[in-house]
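Student: Fold the following, please.
(one chain, ligands or ions: 2)
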Amino acid sequence: MVISFWSAGGGTGKTTLAAAFALALKKYKKDIVLADFKEVTPHVHKYFGIELRDKSNIYEAVENGSSIAEAVNEHLQKKQGIWILSGFGMNDFAKFEEKHFSAVLEVLKNEFEHVVIDTSAGIFFSSTYTALKNSDVIFAVAAPSVWSIEDTAQMIDFVSNRWGVEKERFKAILNAVDKEEIDASTAEKILEIKTFNVRYGPKNIIRDVSKIAEFLLKKDTERVIDIKKAEEAKSFGIN
Ligand SMILES: Nc1ncnc2c1ncn2[C@@H]1O[C@H](COP(=O)(O)OP(=O)(O)OP(=O)(O)O)[C@@H](O)[C@H]1O
Ligand SMILES: [Mg+2]
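Tutor: Ligands and ions are numbered 1, 2, ... in the order given. Presented below is the predicted three-dimensional model:
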């Protein structure tokens, strides 16, 4: 399962929430990787206190047809019980295109049950395109303000109409709902997608993000049960 944290504008809390979400998944699942698909100025490595390394070996592997898995695995580091793939700095940004990011994501999907991606804001990078095209769930993180919600609505429309990413895959998170201008139910009406709240402060982040993780895993289990039931019904000749 691939889960992305994305937003229309910068600084809404993607990295903070993606990290909290990946750590919250530990309670229920093994095999979790948090992948930083932010280009130019990635932050996940700073969050976990690791060094940002140049990823030209991955670029070369894709170009030369050598083992991409080997190249990606060289960059994976375990921190706080989850695996981390740090982001793509200025040098990588100059080279990496969609096919390189897709190759990275393929490796991660093969190796991990849950891939949590922190993306760049907006619709301007091939890493964002690759992440959103391949995500089962996309959390659009917005500030609890009218403009932030309007920007989010516009960009979700773009991503679904131009990139063919179904709107059903999006969920919204209103983050740091302290001095709120707009509440989750109003945002839900504007965006027409399920909207969660994450309140202000580190303790609230852990509490609220854990609830979102629980909700998502429950949905995922129900989906698996539904698929199993459908398969059983088929094997009995019921349609
Ligand atoms: N719920 C919250 N409560 C308090 N502070 C928060 C909350 N969410 C995020 N922050 C703070 O807001 C700032 C921006 O968060 P973060 O770096 O996660 O945003 P981002 O969307 O990843 O930004 P960028 O677009 O630059 O990558 C950070 O200082 C973070 O600690
Ligand atoms: Mg960030």
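Student: Could you use CA atoms for every contact and neighbour count after this?
Tutor: Fine.
Student: From what I see, Tyr10 and Ala121 are in contact.
Tutor: Not Tyr; residue 10 is Gly. Yes - counting by Cα atoms under 8 Å, Gly10 touches Ala121, with 5.4 Å between them.
Student: Which one's more surrounded, these two?
Tutor: Counted by other Cα atoms under 10 Å, Gly10 and Ala121 do not tie: Ala121 has more neighbours, with 20 against 13.
Student: hang on, isn't the more buried one packed against Gly13?
Tutor: No - using Cα under 8 Å, Ala121 is not in contact with Gly13, being 10.3 Å away.
Student: hey, where'd the strands end up in this structure?
Tutor: 2-6, 32-37, 39-40, 76-79, 82-85, 88-89, 114-119, 137-142, 170-175, 195-198 (DSSP state E).
Student: Now that we have those, can you turn them into JSON lines and tack on distance to ligand 1, mean pLDDT and mean neighbour count?
Tutor: What follows is the strands of the chain, written out as JSON lines (distance: least, Cα to the nearest ligand atom, whole Å; pLDDT from 0 to 100; neighbours: other Cα atoms under 10 Å):
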{"stretch": "strand 2-6", "distance to ligand 1": "8", "mean pLDDT": "98", "mean neighbour count": "27"}
{"stretch": "strand 32-37", "distance to ligand 1": "10", "mean pLDDT": "98", "mean neighbour count": "26"}
{"stretch": "strand 39-40", "distance to ligand 1": "10", "mean pLDDT": "97", "mean neighbour count": "19"}
{"stretch": "strand 76-79", "distance to ligand 1": "18", "mean pLDDT": "97", "mean neighbour count": "14"}
{"stretch": "strand 82-85", "distance to ligand 1": "15", "mean pLDDT": "98", "mean neighbour count": "21"}
{"stretch": "strand 88-89", "distance to ligand 1": "12", "mean pLDDT": "98", "mean neighbour count": "22"}
{"stretch": "strand 114-119", "distance to ligand 1": "7", "mean pLDDT": "98", "mean neighbour count": "26"}
{"stretch": "strand 137-142", "distance to ligand 1": "7", "mean pLDDT": "98", "mean neighbour count": "26"}
{"stretch": "strand 170-175", "distance to ligand 1": "5", "mean pLDDT": "97", "mean neighbour count": "25"}
{"stretch": "strand 195-198", "distance to ligand 1": "6", "mean pLDDT": "96", "mean neighbour count": "22"}
